[in-house]
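> next comes the sequence, and after it the predicted model I'd like to discuss.
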Amino acid sequence: MQFANHCEFASTRVDSRFKRRIHGSRGSAKAVGSDLIDWKYVSLQALWLLGLSVVVASFSYHHWLARTTNRRLRDQLKASSWGIASSFGLMLFCLSFTIKSEGVLESMLWALLFLGYLWRMIFLAASARKR
């Protein structure tokens, strides 16, 4: 009896979370409406995932470059190319959390981090261009 109530509650919760409207008869259920996919949620998740992917890909590239050129990884990570790429990835990460934060203080802290990484990326790009 408790299991049946739990399953009924779980299915109700899932249906209300996704806001499904199902119409049809005789087993031919057809979902209607454009609210089946929350595109804002998907976009924000993709944004932070893209940001961390940029950081991991850049680290992987610089690790490979350090091994190929017989340099230490520490020296390779001091290059401006690593700083620019990692700042860009972390900037995307912070941007997604700035947008999806619910509290004002939380949004301001994520925005502050976003601006810090933006400033770092611009500074490193400008100093690399002078060389």
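On my side now, so go ahead.

> sec struct for residue 112, please.
Classification of residue 112 using DSSP: H, G, I helix; E, B strand; the rest coil returns helix.

> and the helices in the protein?
2-18, 39-68, 73-76, 80-100, 104-130 (DSSP state H).

> relative to helix 104-130, how tilted is the longest one?
Put simply, helix 39-68 runs at 40 degrees to helix 104-130, going by axes from the mean of the first three to the mean of the last three Cα atoms, to 10 degrees.

> what packs against helix 39-68?
Helices and strands touching helix 39-68, by 3 or more Cβ pairs under 8 Å, 6 or more residues apart in numbering; DSSP states H and E, are helix 73-76, helix 80-100. (Each C-beta comes from the backbone N, C-alpha and C, glycine too.)

> which of the ones you listed is buried the deepest?
The highest mean neighbour count among the helices and strands packed on helix 39-68, using mean count of other Cβ atoms under 10 Å, belongs to helix 80-100: a mean of 20.

> that one vs helix 104-130, what angle?
160 degrees.

> helices or strands up against helix 80-100?
helix 39-68, helix 104-130.

> can I get these in TSV with mean pLDDT, mean neighbour count and distance to residue 87?
Listed next are the helices and strands packed on helix 80-100 as TSV, based on pLDDT from 0 to 100; neighbours: other Cβ atoms under 10 Å; distance: least, Cβ to Cβ, whole Å:
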stretch	mean pLDDT	mean neighbour count	distance to residue 87
helix 39-68	95	14	9
helix 104-130	94	14	4
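
> the spatially closest residue to residue 87 that is not a sequence neighbour and residue 54: what is the separation?
Using Cβ to Cβ, 6 or more residues apart in numbering and skipping the chain neighbours, the partner closest in space to residue 87 is residue 121 (3.8 Å). Distance, residue 121 to residue 54, by Cβ to Cβ, to the nearest Å: 11 Å.

> all set now, cheers.
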